[in-house]
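In: no sequence for this one, just the structure:
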């Protein structure tokens, strides 16, 4: 292909881009190149340019076609230097033009900057105290003080305010002298173990905001010594907050009276003594007095201003704490230290320098926030997103594109809340990406995030989008890892260290994995984010596919600055929330909090699931709408009434409504769902179910497992003969899925099945698939299963290695390839099985599992292709509640029966659709009725004393961490990490762990088990530990003794004594426990 390349780069970016372009093409002018090159060469050139791109990079590539026309292929860098066709402007103007861009609407931007700057001046005042200086210089063995420096800083700020009004103290800030320090210390309120009250009781409104910023710049306040009654939350800040809400170091044993006196002693005075600090305070005071809107936005109920000011303060604190000292911001006469070097422990920054630097950068940060999104990389003019689908099954995606594109401008002004409820197998993943692209201005480009619940599905979705939409590695990032928010809300059992600067710690998790090959351009915030590549990649990537854990910290990251990356991503991109109803009901509290934050940060949102219940959608919309109101008041068209663009998508089309309140949304959603229900009822029945009775002789474990195994064994043969496919050679094959609720019972049944001989001329091949295989092994199993269960071309079944091998080597005529798995195979996996058997736990699990049957071929069955066991294993063992973990039953909401023949009406299991989930309960389906009731009570209940998700946006609770502690995200028992280890290529793998000093030690907690196969049974799937690790070592060009540490990880629960129980394992079965 013949290409013309135009460069509009300036400064150092020009030199770098010219160096790269000269290697690929000949110059035809000062800033133009032309050459004949392959498509692969063009893509390589683009990747090289993007990897080295800077703020001033701007390169356009045009394809010169044979018919004389020219087509723009791509632009790297600043797309504003070209028009939509890649042309260069003839003239420019330096006049300020009033445009309709978002950055001109941030009426609170200057207030955010000033509030963060003022808080930055005072945030570490407490470090000037005697106790902190003793700890920092290690003159005392304790790394903590009776009161943390944030609390002491708030008390000092309270003393500075005294009885002044906001106008008075702002003026005083610019008139301070060194002599004022004595007066300030004389007014200081000194806490003691017997009494502590709230400093907010006497503070005026603007000062309250600054004091909260100071107090929360490391962690949100929470009552660490007791609990609070929700009814009185409006007055918590003024009446209940005290030193216990910051830390409880003061209640530890070993403190002397002199320690409580010394914490309020300042040997060198406060930073008011510093000439440099006073000069910075004078500059900020002048700006604050001239900011007419500061009083309006400086209120505790202005949530956007409040939390963005905290964002600026914390990021500035993190940036400056990680920077080298700045001598020009140090007063030589005020020698008090703020922190030490984390690498060598030497004293690093002085207090006055640190406060001045943080205030300075917080001010700059606040002023840059409005233009962050427009300065970040985006995808524009991309053919993959615009390409129309020719497959009739996916024609609805074209309609969805057209509707979204028509709403482009309006959604930007008024907000967008979309719901994609297309049926399983209709291509929601690609449709979602195309919808978000259509909503974006093609000149500016799109940026969106796809958030989901499972790590493996995140990788799968990332690969699918990359391949289907032809995205390069510099367009899309995949973020996974074990950086889930854990115990951020938990009470600390040990004293909290307060010696070095916690602000210097990394903002991204060490164990996060970010796959992103593009340049890490963080636009307007580049200066402050350049030191953390993971964080920069998270922000830079135009398309991010991630587990929700890494976004949920926007609200759940109550300490340590972990919320900053997530907030920045929400602020600068739109959001697709995939399968939100797949989360445990306890986790939906946090998901609703995230939705509220997304609305508050101006994010356009699309929910995607075929089984969204009405109460969940209502709660999500209510949360987002409450946030959107805050955004519109702060950064949108505040003079206009709320009128949200709401769109419902499915395979039939799209329905658009402009909605102002929750009631209107509920009515519109009800209408859409009723129309969808009629459409689903008229569809051919792809999932034909029946209930199989299971009646063990007794509730003893052995009897229950034996009974379930025999029932499953019988049903598998019936299903095989009804749905088998015949090889040209005469042998028959069927692919089946058997889903169990929990891992340990699954393995117990699997072992029992393997011990049952198959009928004559029948071979059953078993694969055991669950989350407790080592990571590399699980990945290998998934790769094998993905290949087998992809049935777009049905005849490719016979080329699958495991199937072809079995047909060639085994003499039997009938072959069943069965996957025994847990819920990891029921959500999101793009599989097409011939039949399935499920141990029930909820109506949702039955519907989702049915979506893995006839997903690609869509052949209407004449006989049942889905069998539901009449009870689950917990119920058969007489355990109550039975339908829980997973499931919705609990002690407060028990089911009258655990027999599905009594819980489900025939129409709901004979024809399995999403109707019981998406329609309100009608009283007949008791399982679905329980799910709807639990969701309604947990998310939107009007019971004032109950902790519900709606409390987050209905009550003033965002300034503290009370709700995060009450309803944490993914609360689970602690886990221990192990990994498969091979010392040499010829040695056998074994489970090991890292000791405290980093050495590798073999674990004795894993006991290898023997598995005996009965006649006519076999295994399939790639599970040989040694082969998997050796193949990875070759592929990664890594030493074999390192491969297991990286790719062989496995996490197992630990008991109360913090030691692992004895675990059983076998390469075919994974890691498990015997059930009792």
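Out: Sure thing, it's come through. Keep in mind that what you see is a predicted model, and the values were worked out from it rather than measured. Numbering: from 1, shown residues only.

In: which ones are touching residue 807?
Out: 727, 729, 731, 733, 798, 815 (C-beta atoms under 8 Å, 6 or more residues apart in numbering). Placement of C-beta: from N, CA and C, glycine included.

In: from the residues you listed, which single one is nearest residue 437?
Out: residue 798 (38.3 Å; C-beta to C-beta).

In: any idea where the strands of the stretch 651-800 of the chain begin and end?
Out: Applying DSSP state E, counting those that start in this stretch to the stretch 651-800 of the chain gives strands spanning 653-659, 689-692, 725-726, 732-739, 762-769.

In: so which of these comes closest to residue 857?
Out: strand 725-726 (10.0 Å).

In: the closest one pairs with which strands?
Out: strand 732-739 (antiparallel) (DSSP bridges).

In: and the contacts of the partner strand?
Out: Contacts for strand 732-739 (C-beta under 8 Å, 6+ apart): 712, 716, 719-720, 723-727, 788-789, 797, 803, 807, 813-823, 825-826, 831, 833-839, 845, 849, 852-853.

In: give me that answer again for 6 Å
Out: 712, 720, 723-726, 814-821, 826, 833-838, 849, 852 (C-beta atoms under 6 Å, 6 or more residues apart in numbering).

In: and stretch 1001-1015, by the same measure?
Out: Contacts of stretch 1001-1015 (C-beta under 6 Å, 6+ apart): 754-757, 978, 990-993, 995, 1060, 1062-1066.

In: of all the residues in it, which ones are buried?
Out: Under the neighbour-count criterion of 16 or more other C-beta atoms under 10 Å, stretch 1001-1015 has 1005, 1006 buried.

In: span of it from start to end?
Out: Distance across stretch 1001-1015, first residue to last, is 40 Å (C-alpha to C-alpha, to the nearest Å).

In: just the mean pLDDT for it, thanks.
Out: Stretch 1001-1015 shows a mean pLDDT of 91.

In: so what's residue 768 up against?
Out: 750, 820, 1069.

In: just the element for the second one, please.
Out: Assessed by DSSP states H and E, residue 820 sits inside strand 814-821.

In: residues making contact with the very next helix or strand once past that strand?
Out: As assigned by DSSP H and E, the chain's next helix or strand after strand 814-821 is strand 835-838. Residues from elsewhere that reach strand 835-838 (C-beta under 6 Å, 6+ apart): 712, 715, 719, 723, 736-739, 849, 853, 865-868.

In: one step back: taking the contacts of stretch 1001-1015, tell me the two that lie furthest apart.
Out: Spanning the widest gap among the contacts of stretch 1001-1015 are 757 and 995, at 46.6 Å by C-beta to C-beta.

In: okay, the two: which has more neighbours?
Out: Per other C-beta atoms under 10 Å, whichever of residue 757 and residue 995 has more neighbours is residue 757, with 13 against 9.

In: hang on, the earlier thing: of all the residues in the strand holding residue 820, which ones are buried?
Out: So for strand 814-821, counting by 16+ other C-beta under 10 Å, buried means 814, 815, 816, 817, 818, 819, 820, 821.

In: got these as TSV, with pLDDT and distance to residue 770 columns?
Out: Converted to TSV, the buried residues of strand 814-821 look like this (pLDDT from 0 to 100; distance: C-beta to C-beta, whole Å):
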residue	pLDDT	distance to residue 770
814	97	27
815	98	23
816	98	20
817	98	17
818	98	14
819	98	10
820	98	9
821	96	6
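
In: and of those, the nearest to residue 111?
Out: For the buried residues of strand 814-821, the nearest to residue 111 is residue 821 (53.8 Å; C-beta to C-beta).

In: quick check, that closest one in contact with residue 771.
Out: No. No contact is recorded between residue 821 and residue 771 when judged using C-beta atoms under 6 Å, the distance being 9.6 Å.

In: re earlier: and of the contacts of residue 768, the nearest to residue 353?
Out: Nearest to residue 353 among the contacts of residue 768, counting by C-beta to C-beta, is residue 1069 at 60.2 Å.

In: touching, residue 1073 and residue 743? I think so.
Out: No. Applying C-beta under 6 Å, one finds residue 1073 not in contact with residue 743, separated by 8.4 Å.

In: and these two? Which one has more around it.
Out: Under the criterion of other C-beta under 10 Å, the comparison of residue 1073 against residue 743 puts residue 743 first, with 21 against 16.

In: next one: the more buried one from residue 838, what distance?
Out: 16 Å (C-beta to C-beta, to the nearest Å).

In: give me every residue that touches residue 754.
Out: Contacts for residue 754 (C-beta under 6 Å, 6+ apart) come out as 1013, 1017.

In: not counting its neighbours along the chain, what's nearest the most centrally placed residue in the chain?
Out: Compute the mean C-alpha point of the chain, and by C-alpha atoms, centre = their mean the closest residue is residue 548, 2.3 Å away. Spatial nearest neighbour of residue 548, excluding adjacent residues (C-beta to C-beta, 6 or more residues apart in numbering): residue 451 at 4.5 Å.

In: now swap in residue 6 and tell me
Out: Using C-beta to C-beta, 6+ apart, the closest residue to residue 6 is residue 60 (4.8 Å).

In: for the one you found, name its beta-bridge partners.
Out: Going by DSSP bridges, residue 60 forms beta bridges with residue 6, residue 75.

In: also the one 10 residues further on?
Out: Here residue 70 sits in beta bridges with residue 64, as judged by DSSP bridges.

In: I'd guessed it sits against residue 61; true?
Out: No. With contact defined as C-beta under 6 Å, residue 70 and residue 61 do not form a contacting pair (10.7 Å).

In: of these two, which one has the most company?
Out: Shown here are residue 70 and residue 61; by other C-beta under 10 Å, residue 61 has more neighbours (23 against 15).

In: give me the distance between that one and residue 414.
Out: 36 Å.

In: residue 237 - that's part of a helix, no?
Out: Yes. Counting by DSSP: H, G, I helix; E, B strand; the rest coil, one finds residue 237 located in a helix.

In: let me see the contact set for the closest residue to residue 331 other than its chain neighbours.
Out: Spatial nearest neighbour of residue 331, excluding adjacent residues (C-beta to C-beta, 6+ apart): residue 274 at 4.1 Å. When contacts are counted by C-beta under 6 Å, 6+ apart, residue 274 touches 331, 334, 352.

In: so what touches stretch 224-236?
Out: 244, 248, 491, 955, 957.

In: quick check: closest non-adjacent residue to the first one.
Out: Spelled out, that is residue 244. Closest residue in space to residue 244, ignoring its immediate chain neighbours: residue 225 at 4.4 Å, by C-beta to C-beta, 6+ apart.

In: domains for the chain, by residue range?
Out: Under the assignment automatic domain parsing, the domains of the chain span 2-90, 108-371, 422-482+525-637+925-970, 689-924, 975-1072.

In: where does the stretch 351-500 of the chain have low pLDDT?
Out: 455-456, 481-500 (pLDDT under 70).

In: ranges for the helices of it?
Out: Assigned by DSSP state H, counting those that start in this stretch, the stretch 351-500 of the chain shows helices spanning 351-368, 383-386, 395-406, 408-414, 428-439, 455-468.

In: confirm residue 971 sits in a strand?
Out: No. Secondary structure of residue 971 (three-state DSSP): coil, not part of a strand.

In: now the residue nearest to it when sequence neighbours are not counted. Its backbone dihedrals?
Out: Leaving aside its sequence neighbours, residue 971 sits nearest to residue 586 (C-beta to C-beta, 6+ apart; 6.9 Å). Backbone geometry at residue 586, expressed as degrees, to the nearest 10, gives phi -70, psi -30.

In: any idea how many residues pack against residue 586?
Out: Using other C-beta under 10 Å: residue 586 sits among 13 other residues.

In: in the stretch 751-900 of the chain, which spans are helices?
Out: 775-788, 801-809, 843-850, 873-876, 900-903.
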